[in-house]
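**Q** Just to be clear, the model below is a prediction. Sequence and coordinates:
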Amino acid sequence: GAGVSQTPSNKVTEKGKYVELRCDPISGHTALYWYRQSLGQGPEFLIYFQGTGAADDSGLPNDRFFAVRPEGSVSTLKIQRTERGDSAVYLCASSSRGGAPGDGYTFGSGTRLTVV
Amino acid sequence: GEDVEQSLFLSVREGDSSVINCTYTDSSSTYLYWYKQEPGAGLQLLTYIFSNMDMKQDQRLTVLLNKKDKHLSLRIADTQTGDSAIYFCAEITPDSSYKLIFGSGTRLLVRP
């Protein structure tokens, strides 16, 4: 596609429920990143995929968070037993190369997750 | 450790210049970035600078880098109301993940 697409754009869920957030990167981009942006803060790194594998998951806050990218394109971020503190905007970004420093990344518009 | 700090808020009059400042801690960062975020939108890359440069100019944008003080600034000339947004400074980690470490953002308000 023309840009990075994230669905849903908004998600409201009850505490304790399971949620899945989807990211559709730019076609052909091998690098995919998930970030989390809490209110009034800058984005914080969660996980980085190069192709199908998670090359760096050091930002995942705990084992309730998990992400997959089975075919090297679409990625799903999965959160189990959601807590109110998980409420944030979850941003996905993709890049044609690993990091592509000179290009930065292309970010999606994010999924706003609200846990009530 | 890695940490990026920015002032929270800046208000300028339309037509004036805006200067947004940022300090970072990781001296091994190779690239530093400025991103813009408008309400409800994703992050838009504005410009970046490589660590061996002192200055980069791109139309109305000027980036200054002081490596000794680990200080980065973004100057927007002839600021317009459409420039009102949150601006994030970010450094890239020197490992193979190339993940970005963001500041908390500076909210720029342009008054008519």
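**A** Thanks, I have the structure now. Computed from a prediction, not measured in an experiment: that's the story for all the values here.
**Q** alpha carbons only for contacts and neighbour counts from here, please
**A** Will do.
**Q** Secondary structure class of B:D16, three-state.
**A** Here B:D16 is coil, with the state taken from DSSP: H, G, I helix; E, B strand; the rest coil.
**Q** Give me the distance between it and chain A.
**A** 26 Å (CA to the nearest CA, to the nearest Å).
**Q** got a list of what that residue touches?
**A** Neighbour list for B:D16: B:77-79 [criterion: CA atoms under 8 Å, 6 or more residues apart in numbering or on different chains].
**Q** What subset of those is buried?
**A** Buried members of the contacts of B:D16, scored by 16 or more other CA atoms under 10 Å in any protein chain shown, are B:T79.
**Q** what residues does chain B put near chain A?
**A** B:31, B:33, B:40-45, B:48, B:88, B:92, B:96-105 (CA under 8 Å from any CA of the partner chain).
**Q** if we can go back for a sec, including secondary structure and pLDDT, could the contacts of B:D16 go into TSV?
**A** Putting these into TSV (DSSP: H, G, I helix; E, B strand; the rest coil; pLDDT from 0 to 100) gives the following:
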residue	secondary structure	pLDDT
B:A77	coil	98
B:D78	coil	97
B:T79	coil	98
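**Q** Provide the contact partners of the helix or strand where B:L109 lies at residue level.
**A** Following DSSP states H and E, one finds B:L109 within strand B:106-111. Applying CA under 8 Å, 6+ apart, the external contacts of strand B:106-111 come out as B:6-14, B:20, B:79-81, B:83-88.
**Q** where does the chain dip in pLDDT?
**A** Looking at chain A here, since you left the chain open. Counting by pLDDT under 70, the ranges of chain A that qualify are A:1, A:97-104.
**Q** actually chain B
**A** Looking at chain B by pLDDT under 70, you get B:1-2.
**Q** Note down every partner strand of the helix or strand hosting B:K56 and its orientation.
**A** Following DSSP H and E, one finds B:K56 within strand B:55-58. Strand pairing for strand B:55-58, using DSSP bridges, gives strand B:61-66 (antiparallel).
**Q** Could you check the partner strand and say which residues are buried?
**A** B:61-65.
**Q** Equivalent analysis for stretch B:80-87, please.
**A** For stretch B:80-87, the neighbour count (16+ other CA under 10 Å) marks B:80, B:83-87 as buried.
**Q** Quick one: residues contacting the nearest residue to A:K17 once chain neighbours are set aside.
**A** Take A:K17 and drop its neighbours on the chain: the residue closest to it by CA to CA, 6 or more residues apart in numbering or on different chains is A:R81, 5.1 Å away. Taking CA under 8 Å, 6+ apart as the criterion, A:R81 is in contact with A:15-18, A:64.
**Q** For A:R81, give me the backbone phi and psi.
**A** Per-residue torsions, A:R81: phi 40, psi 60 (degrees, to the nearest 10).
**Q** From chain B, how far out is it?
**A** From A:R81 over to chain B (counting by CA to the nearest CA), the distance is 27 Å.
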